[in-house]
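> Show me the folded form of this:
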Amino acid sequence: MQNARIIIGHKKIKTRVSLPASKSLSNRLLIIRALCDEGFTIENLSDAGDTKILGQCLENIYDYRVFDVQDAGTALRFLTAVFAITHGNRLLTGTSRLLERPVGPLVEALNRLGAKIHYFDKKGFSPLVINGSEIRGGKVSVDAGMSSQYISALLLIAPALPEGLEVSLKNAVASAPYVRMTLGLMNYFGVTTEWNEDIIKIKPQKYKAKNYFVEADWSAAAFWYEIAALAEEAEIELTGVNEHSLQGDAVIADVFSKLGVHTTVLHDSIKLTKCPVKSEFPEFDFFENPDMFPAVIATCAASGISCRFTGLQNLAIKESDRVTAMITELERFGYQFRRQVDRSLMSENGNQLKTTQTVNCHSYNDHRIAMALSPLSLKGFTVNIDSASCVAKSYSSFFEDIKNAGFDTCFSENA
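This is a model prediction of the structure:
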């Protein structure tokens, strides 16, 4: 891992950025291709670390017995379902942080369908011992309030089950746009689905091979919206994004319209420019779009915008506890937030910047924390971030792209 040092040479940002391909779309496409009888071409596949790990595991599904997905939570959950229906005995494991992230609701749902999955150590958590076998399918209920990836993992394998699948969703669906993304991709590849209220039904059927071009990642765009909001002047063109995207984080354009960023849709790109802040006390609910939280809270803090954040309950089980991480790191800059009894978060009145010029930050090996803290250099700080190369998990060229935009970046190896 490398540490990063970021300062800003000027506060007027004019740049054109080719965003990375969507990691979320790419990961689902790899699973669909693995379950499809015929191969197909995935153009512009994400080069994110998570996607590379998932692809390598799928390529070696019959060759390896131990699969280490490192910190790739999506890979762990999707592979749990795929391994459950693929003959062979496998151990699925990862980093210490990944082993702290729950997987119990998915495992229990698969086992109720007939899978043979055992916990290697702690109940509800990986490592997992998976004895792949035929699963007939049928009806199953799953707690939808913790992670949409449990649901997506089940849905992706559903067409391959002889009896199909009927999933009953208990509790409100966390990150529901990602479930809609999964179903949308399945529909594209010829699978019919039905979602009525809290029931999703998928009959046994075949994926139909079709080539697919992966659009740019709206989640990565969030950090450019943050940069646009914090710059004195901004003209930032982001290429490859689709206005009518399956990605739920496309709502970032509406979110940042309240925080001083206007989005102009062009032919194959969008342009970000400054506009007046539309709300004196905006409220944001991140239950459906948790990945936007780091960029939005950093923007509100550095812009002096009093705000209230809700829907934060699942952010503790991401690559880091993102609420605690962002509160802790923003305090280093002098920005204060307080937790409410209802688990919401509010900014403290009278936030004041610290007078210190250099701020040493922790990334928690979390790509979105590292990317959200970097633009704070626009407020006159030199920002030092440890283990900053963790951005490769989703956006490997992030620091190169902000350097091209006028940020001064340099790196050193961790001690």
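
> Q357: what's it in contact with?
Q357 makes contacts with 380-382, as judged by Cβ atoms under 8 Å, 6 or more residues apart in numbering. (C-beta placed from N, C-alpha, C; glycine too.)

> wait, which of these is closest to M181?
Closest approach between the contacts of Q357 and M181, by Cβ to Cβ: F381, at 36.0 Å.

> close enough to count as contact, the closest one and T358?
Yes. With contacts defined as Cβ atoms under 8 Å, F381 counts as touching T358 at a distance of 7.0 Å.

> Buried among the contacts of Q357? Make that a PyMOL selection.
Burial among those is assessed by 16 or more other Cβ atoms under 10 Å; the matching PyMOL selection reads:
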select buried, resi 381
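
> In a markdown table: the contacts of Q357, plus pLDDT, secondary structure and distance to S133.
Formatted as a markdown table, these follow (pLDDT from 0 to 100; DSSP: H, G, I helix; E, B strand; the rest coil; distance: Cβ to Cβ, whole Å):
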| residue | pLDDT | secondary structure | distance to S133 |
| --- | --- | --- | --- |
| G380 | 90 | coil | 60 |
| F381 | 92 | coil | 55 |
| T382 | 94 | strand | 56 |
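
> Report the residue spans of the protein with pLDDT below the cut-off.
Under the criterion pLDDT under 70, the flagged ranges of the chain are 1, 348-356, 414-415.

> how close does the residue most central in space within it sit to W224?
In the chain, the residue lying closest to the centroid (Cα atoms, centre = their mean) is D291, at 5.2 Å. Look at D291 and W224: by Cβ to Cβ, to the nearest Å, they are 14 Å apart.

> Do you have the helices of the stretch 201-350 of the chain handy? List them.
Under the criterion DSSP state H, counting those that start in this stretch, helices of the stretch 201-350 of the chain are mapped to 218-230, 252-257, 293-303, 322-332.

> With mean neighbour count and distance to A48 added, can I get those in JSON lines?
JSON lines is the format used below for the helices of the stretch 201-350 of the chain (neighbours: other Cβ atoms under 10 Å; distance: least, Cβ to Cβ, whole Å):
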{"stretch": "helix 218-230", "mean neighbour count": "27", "distance to A48": "9"}
{"stretch": "helix 252-257", "mean neighbour count": "19", "distance to A48": "18"}
{"stretch": "helix 293-303", "mean neighbour count": "25", "distance to A48": "17"}
{"stretch": "helix 322-332", "mean neighbour count": "21", "distance to A48": "18"}
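
> Now tabulate these in CSV and tack on distance to A81.
As requested, the helices of the stretch 201-350 of the chain are exported to CSV (distance: least, Cβ to Cβ, whole Å):
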stretch, distance to A81
helix 218-230, 23
helix 252-257, 29
helix 293-303, 27
helix 322-332, 25
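
> In three-state terms, label R5 for me.
Classification of R5 by DSSP: H, G, I helix; E, B strand; the rest coil places it in strand.

> Could I get the contacting residues of the nearest residue to G73 once chain neighbours are set aside?
Among residues not flanking G73 along the chain, R101 sits closest, at 5.8 Å (Cβ to Cβ, 6 or more residues apart in numbering). In this structure, R101 makes contact with 73, 76, 125, 317, judged by Cβ under 8 Å, 6+ apart.

> List just the one of the helices of the stretch 201-350 of the chain that sits closest to V129.
Nearest to V129 among the helices of the stretch 201-350 of the chain is helix 322-332 (30.0 Å), distances taken as Cβ to Cβ.

> got the end-to-end distance for stretch 137-156?
Across its full length, stretch 137-156 reaches 12 Å between end residues, using Cα to Cα, to the nearest Å.

> I figured E288 hits A172, correct?
No. Applying Cβ under 8 Å as the test, E288 and A172 come out as separate, 9.3 Å apart.

> neighbour count winner among those two?
Neighbour totals were compared for E288 and A172, and E288 leads with 19 against 12 (other Cβ atoms under 10 Å).

> any idea how far that one is from I327?
If you measure E288 against I327 using Cβ to Cβ, the figure is 22 Å.

> what do you get for L246?
If you measure L246 against I327 using Cβ to Cβ, the figure is 32 Å.

> Could you export the contacts of R101 as TSV, including neighbour count?
Compiled in TSV, those are given as follows (neighbours: other Cβ atoms under 10 Å):
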residue	neighbour count
G73	20
L76	29
F125	17
I317	16
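
> From these, which land in strands?
When these are checked against strands (DSSP state E), there are no matches.

> what residues are up against R90?
Under the criterion of Cβ under 8 Å, 6+ apart, the contact partners of R90 comprise 64-67, 83, 129-130, 132.

> Enumerate the beta-bridge partners assigned to it.
I130 (DSSP bridges).

> hey, where'd the strands end up in the stretch 101-250 of the chain?
Along the stretch 101-250 of the chain, counting by DSSP state E, counting those that start in this stretch, strands occupy 117-119, 128-132, 138-143, 165-170, 194-196, 199-202, 212-213, 233-239.

> Go through those and name the closest to I369.
For these, distance to I369 was read as Cβ to Cβ. The smallest value, 21.3 Å, belongs to strand 233-239.

> Paired strands for the closest one, with orientation please.
strand 12-18 (parallel), strand 269-274 (antiparallel).

> Take these and write them to JSON lines, including distance to T95 and mean neighbour count.
Written out in JSON lines, the entries for those read as follows (distance: least, Cβ to Cβ, whole Å; neighbours: other Cβ atoms under 10 Å):
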{"stretch": "strand 12-18", "distance to T95": "30", "mean neighbour count": "16"}
{"stretch": "strand 269-274", "distance to T95": "34", "mean neighbour count": "19"}
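
> Name the stretch from the ones you listed that approaches P105 most closely.
Set against P105 and scored by Cβ to Cβ, the strands paired with strand 233-239 come closest in strand 269-274, at 36.3 Å.

> and this structure, what are its domains?
Listed domain ranges for the chain are 2-20+216-413, 23-213 (source: automatic domain parsing).
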